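S.K.: next come a sequence and a model predicted from it.
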Amino acid sequence: MSTTDPVKPPKRMGIRPFDRDMIKEHLDTREMSYDTDDDGDFQFGLKVSEDEDGITLAIFLGAEGTNGDICVVRAIGMAAIPREMWMPVMSACNQWNLERRYPKAYLAVGGDPSSPEAQGEVHLESQFPLGAGVTQPLVDDLISETLSSALAFWQWMPGWVAQAQEVTAAAEADSTIQLPPDISMN
């Protein structure tokens, strides 16, 4: 090799640029049924439990960002959250985010949040910037761990919300405790 030859970077076994094909490979390997949207991102439903009343999650897997190199995993609870539940649900999301690395949890309100009919839904989301390249096993782990954690959130959340409601109700009943106006359950 002469000193004028460019230095070639070492081959990194199995590392390749992230793209939607890696998500497709993840889903196809697991024989999962899915739909694709106009952008080529993937969507499917996932039941939290086998109960008839169990929550179904709408799952969205995609490649976002200017270069499509951000792997995004979203799990949206398909249960409308009425206004009177927003504070305990946001408290639950905050507690989840405090205790766990991912997915992040938040209450999303569509339309006009000041409308009395406004309802929210809980979103769980992870975004992984993979522009430097990634292996298929790592993409598989990121997606699987995020979805597993999203299911765990929905198994954990009802107990937390019930506890938050009890604390708020007790605080409202105690005239010596002054809650900010947005904490009221009424």
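M.R.: That came through, no problem. Predicted model only: the values in this text are computed from it and were never measured. Numbering: from 1, shown residues only.
S.K.: so where do the helices sit in this protein?
M.R.: 20-29, 86-99, 136-173 (DSSP state H).
S.K.: neighbours around residue 118, how many?
M.R.: 16 (other C-beta atoms under 10 Å). Backbone N, C-alpha and C define where each C-beta goes, glycine included.
S.K.: so where is the protein shaky, pLDDT-wise?
M.R.: In the predicted model, the chain carries pLDDT under 70 at residues 1-13, 50-54, 160-186.
S.K.: would you turn the helices of the chain into a markdown table with mean neighbour count and distance to residue 124?
M.R.: A markdown table is the format used below for these (neighbours: other C-beta atoms under 10 Å; distance: least, C-beta to C-beta, whole Å):
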| stretch | mean neighbour count | distance to residue 124 |
| --- | --- | --- |
| helix 20-29 | 16 | 17 |
| helix 86-99 | 17 | 8 |
| helix 136-173 | 16 | 4 |
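S.K.: which one of these lies nearest to residue 48?
M.R.: For the helices of the chain, proximity to residue 48 was assessed by C-beta to C-beta; helix 136-173 is nearest, at 4.3 Å.
S.K.: so what touches the longest strand seen in the chain?
M.R.: Using DSSP state E, we find that the single longest strand of the chain is strand 119-129. Counting contacts by C-beta atoms under 8 Å, 6 or more residues apart in numbering, the residues outside strand 119-129 that touch it are 64-65, 69-83, 86, 89, 93, 102-110, 142, 146, 149-150, 153, 157.
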